[in-house]
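Asker: Need a 3D model of the sequence below.
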Amino acid sequence: MSPCSPRSNWRRLVVIAAAGALLAGCVYKVNIYQGWITDPGDIDKVEMGMTREQVAYLLGTPTVRDPFHADRWDYVFTPGTLEGERRIVRIEFSDEGVSSIEITPVPAG
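Answerer: Next up, the predicted model:
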């Protein structure tokens, strides 16, 4: 049988297709982070009495600004691959600046 016969081409095609099918099953799952992403140490830098501008400089723009609670900023963080890892950082302001900081883990589901 010659190396370029239709039969050897057919075998080569079958081997390539089988290798492709096997490799397609080797999927790498990428961690997809959603929401607010920051260094966890930055939260510890927020102090009572800081202004909104100072907090925005440290943590960035809040994920949620509720128009009915203008004095509350919520930062939501959800790692894409870890179920139950969602967290909400809630910062409330008064006339004197930051009045409370609350970090809440949110159960999945």
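Asker: Sketch out the low-pLDDT regions of the protein for me.
Answerer: By pLDDT under 70, the low-scoring segments of the chain are 1-6, 26-27, 29-38, 40, 78-85, 107-109.
Asker: tell me the strands in it, going along the chain?
Answerer: 33-35, 64-65, 72-79, 86-94, 97-106 (DSSP state E).
Asker: now for the ones you listed, which one comes closest to Glu53?
Answerer: strand 97-106 (9.9 Å; C-beta to C-beta). Just so you know, the C-beta spots here come from the backbone N, C-alpha and C atoms, and that holds for glycine as well.
Asker: Any buried residues in that closest one, and which?
Answerer: Within strand 97-106, the residues that qualify as buried are 98, 101, counting by 16 or more other C-beta atoms under 10 Å.
Asker: how far does stretch 62-69 sit from the chain's center?
Answerer: 20 Å (C-alpha atoms, centre = their mean, to the nearest Å).
Asker: got JSON lines for the strands of the chain, with distance to Tyr57 too?
Answerer: Output for those, formatted as JSON lines (distance: least, C-beta to C-beta, whole Å):
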{"stretch": "strand 33-35", "distance to Tyr57": "19"}
{"stretch": "strand 64-65", "distance to Tyr57": "16"}
{"stretch": "strand 72-79", "distance to Tyr57": "13"}
{"stretch": "strand 86-94", "distance to Tyr57": "13"}
{"stretch": "strand 97-106", "distance to Tyr57": "13"}
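Asker: Tell me which of those strands sits nearest to Met48.
Answerer: Closest among the strands of the chain, using C-beta to C-beta: strand 97-106, at 5.3 Å.
Asker: now the closest one, how far from the chain's geometric center?
Answerer: 20 Å.
Asker: got the contact list for it?
Answerer: 43, 46-52, 54-55, 71, 84-93 (C-beta atoms under 8 Å, 6 or more residues apart in numbering).
Asker: Now do that strand and strand 72-79, the angle between them.
Answerer: With axes from the mean of the first three to the mean of the last three C-alpha atoms, to 10 degrees as the basis, strand 97-106 and strand 72-79 are set at 30 degrees to each other.
Asker: So in that sheet, which strands flank strand 97-106, and in what orientation?
Answerer: In the sheet containing strand 97-106, its partner strands are strand 86-94 (antiparallel), by DSSP bridges.
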